[in-house]
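In: next one to model:
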Amino acid sequence: MSGGDFPPEIESLFQKRYSYTKDPTWHLPDPSEVLTSEHQEFPHLLTLKESLNKVKNLLSDKKLDEWHQHTSYTNKAGRVVPEVRKQANAELCTQAWCKFHEIVATYQLIPNSALWDSELNSVHLCEAPGAFIASLNHYVKTQELHCDWTWVANTLNPYHEANNGMVMIADDRLIANTLPWWYFGPDNTGDIMTLKYLNGLQQFLGNVSAVHLVTADGSFDCQGNPGEQEPLVYPLHYCEVVTCLSTLSPGGSFVLKMFTLFQHSSVNLMYLLNCCFQEVHVIKPGTSKAGNSEVYVVGLGYVGRAVIQELLNKMTAHYEQEVSGKALFPHKSLPESFLECHWKCCSFFHQHQTQTILENLHLFSYMEEKDQTHLDYLREAAVLYYLQTFQINFIPRKHWLVRKPRVGCSLNARWLGTRNRRSDTYNERKRLEALSWDEKVERGYFASWLEDHIQAGTKNGCLLEGSRSGLRYQDWYLLQGPPLTRIQSSSFCDGELLNTLNETIESCGGSLPECPSCAVSDCLVSELLQRVGNGHHILVIGAFPLFEAVKQRYAEVIFVESSAPQQPISVLHDGDPLYQRQLLSTVLRALEQLPSHGTLVLPVLSSLTRFMAGLVYILYHCFQVIGFSCPTGYLTPGSNAVLLCWGYHPLPMEAYQHLQDLFTDTALTGSGVQQVLEFVPIEDLLIGPFLEFLWDLNAAIIRHNLHLIGQREQKKEFP
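Out: Residues are numbered from 1 along each chain as shown. So this is what the prediction gives:
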């Protein structure tokens, strides 16, 4: 098969494009009319929506795993990604990588001005895990565009504990190794849908001479209501568009992921883009699954924000209000010629999507051998078409964005087998979500926790050899943000475990009973004494029963007691600022008291936050070995585990002084307006053995808490 000699199905697959034909009547209404009118839908577009949803409803009785497996096989472009990864040595090669390469190879996204000036600056919104950036890098390098490329990216910060882990992208391989290029805003959340983020981004880009390209690849999980994906995602699209129009330079390009374009809100955004760009195209890349609603809007030749400043001011003023409450433009502002053009666009993509779904349904019910043979032929043809048409060339690793990863990432290899592992169907998950807490208990929701006494899985990997190298304390700085109110995600813990515990705490309260069957106090004492020699100091912080138990067993050891902060169990976990400040202050004082080769016993709630991980990181560099024990009956109330640290060797004086200087009286006292979120850079915390230790620690704590609460709930059910 040679160039130009491809099956019509493949030609059609890669030619799903529509271009708006503009005329002189297309111009923006007066800013005084913006966001003043009620929404008024277009009946002929709603007919398309109803038609599409009717076809989608035919899938409602299909098991998700079986349907996804089927559509993966019938996806004609399904073999493109692995082949590009292999032949081109493409970095972070995913479906998104291939989609963007199609777009950049089809349209002139890089303005001539960037090439003339030998400078290319791009901004990438909602970008995690970073495939658009990696794809653009590949294009720039292989097309030999001799320009100095600088990029800035945004996404929901995967390291901010207040962000919902279920709506963030877990893959941070690129982010962890390119953090200086990611801007998460003044509050460190990365939430683009706030005015402070927009203002902060404009300041962050203040020294950039021009922004030539903006991409926006954001979306929400709309599986709960797939028929209403368009209105659900509209507020995000609104913010992405405003951010682009506020930062892009005249002549620049914009790539925006959208879905169906049937409703008045989307029609208005498309009209806005047509009035702000010389050209507007809509493309569904061939490597985008043909049965979904995803399309990309491409704007070329931006008029510049000076031309639309009044409009932008009005849109920005409504930024954090209910942006979908009022129509962006009055119904009368949209010319008939534009509405006719838009109708053709919607009809074109509607036809392709419904045809694909119906074809997949037919093959799902009955697929003959000849159908399989033809699909295999088309899948091979799609690979050849993609490689030839979009000029995929090999790139050496030295031209990757991350040539040699300096740090790891929160995608912990030991836990990847259990993370996001779901064997239930979509309908089963929805039924579980609908149950009340009491109903979950009644139906055995806690059975696995009650049977698992948390012994298994914590014996291996709970000891960590300390490190005396790699302490880059000169890079430590205080990263502050609004106080945390709950911990919804953590780079140091499995997300499903954390969500389960949060739901449990909110449903049943925060007090925990004791469980004699899973207390391991004697093991803790024995292990501690085996590692401590005669005459060595043991400094026990707060765990008074443990202090007495060890003292009775080994009177020759020198003990030092110290108080420790207490905190009730809550969805804030170890994120309470007062708890963190008190614990840090206690540990710093303890390290001053403890002589070389001494032992520290430190009860903790957990280590889910970057702050607590940083504190454990200091201990990791201060002791020959650190370990933990959970559960134990010898803990101070308000603690969940105990850290055991043997063989103290003090920090370098410069490091200790730098730490003291960071936490001034103001930082330790706290004003309540800002909280210290991080003081050891996250890159240093994402190191293999250390990261695995934190995952094991938090998993043991969470599983034990679930076990205790589950035991209490079972006693309520069966007194």
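
In: for the rest of this, base every contact and every neighbour count on C-alpha atoms.
Out: Noted.

In: tell me the mean pLDDT over the strand or helix carrying Thr504?
Out: Under the criterion DSSP states H and E, the helix or strand holding Thr504 is helix 495-508. Here helix 495-508 scores 85 as its mean pLDDT.

In: who are the packing partners of that helix?
Out: On a contact count with 3 or more CA pairs under 8 Å, 6 or more residues apart in numbering; DSSP states H and E, helix 495-508 meets helix 688-717.

In: please enumerate the strands of the stretch 51-200 of the chain.
Out: 119-125, 148-153 (DSSP state E, counting those that start in this stretch).

In: export stretch 145-159 as CSV, just CAs?
Out: C-alpha atoms of stretch 145-159 as CSV (Å, rounded to 0.1, in the frame of the first residue of the first chain):
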residue,chain,number,x,y,z
LEU,A,145,12.1,24.7,13.2
HIS,A,146,15.1,26.7,14.3
CYS,A,147,13.4,28.7,17.0
ASP,A,148,13.9,29.1,20.8
TRP,A,149,10.8,27.4,22.2
THR,A,150,9.6,28.3,25.7
TRP,A,151,6.4,26.8,27.2
VAL,A,152,4.3,27.3,30.3
ALA,A,153,1.7,24.7,31.4
ASN,A,154,-1.3,24.5,33.7
THR,A,155,-3.3,21.7,35.2
LEU,A,156,-5.0,20.9,38.5
ASN,A,157,-2.0,20.5,40.7
PRO,A,158,-1.6,16.8,41.4
TYR,A,159,0.3,17.6,44.6
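
In: list the buried residues for that stretch?
Out: Of all the residues in stretch 145-159, those buried under the rule 16 or more other CA atoms under 10 Å are 145, 147, 151-159.

In: and the angle from the helix holding Thr504 to helix 688-717?
Out: For helix 495-508 against helix 688-717, the angle by axes from the mean of the first three to the mean of the last three CA atoms, to 10 degrees is 30 degrees.

In: surely Glu102 and Pro285 touch.
Out: Yes: counting by CA atoms under 8 Å, Pro285 is a contact partner of Glu102 at 6.5 Å.

In: the more surrounded of these two?
Out: Using other CA atoms under 10 Å as the criterion, Glu102 and Pro285 rank with Pro285 on top: 25 against 22.

In: distance from the chain centre to the helix holding Thr504, please.
Out: The chain centroid and the centroid of helix 495-508 are separated by 19 Å under CA atoms, centre = their mean, to the nearest Å.

In: what residues of that helix count as buried?
Out: Of all the residues in helix 495-508, those buried under the rule 16+ other CA under 10 Å are 495-496, 498-499, 501-502, 504-505.

In: okay, the strands of the stretch 51-200 of the chain in JSON lines with distance to Glu228 and mean pLDDT next?
Out: Shown next, in JSON lines, are the strands of the stretch 51-200 of the chain (distance: least, CA to CA, whole Å; pLDDT from 0 to 100):
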{"stretch": "strand 119-125", "distance to Glu228": "23", "mean pLDDT": "97"}
{"stretch": "strand 148-153", "distance to Glu228": "29", "mean pLDDT": "96"}
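
In: closest to Ser209 out of those?
Out: When the strands of the stretch 51-200 of the chain are compared by CA to CA, strand 119-125 sits nearest Ser209, at 8.4 Å.

In: the closest one versus strand 148-153: what angle between them?
Out: For strand 119-125 against strand 148-153, the angle by the same axes, to 10 degrees is 10 degrees.

In: who touches strand 119-125?
Out: Identification of contacts with strand 119-125 by CA atoms under 8 Å, 6 or more residues apart in numbering yields 110, 114, 132-133, 147-155, 208, 210-218, 240.
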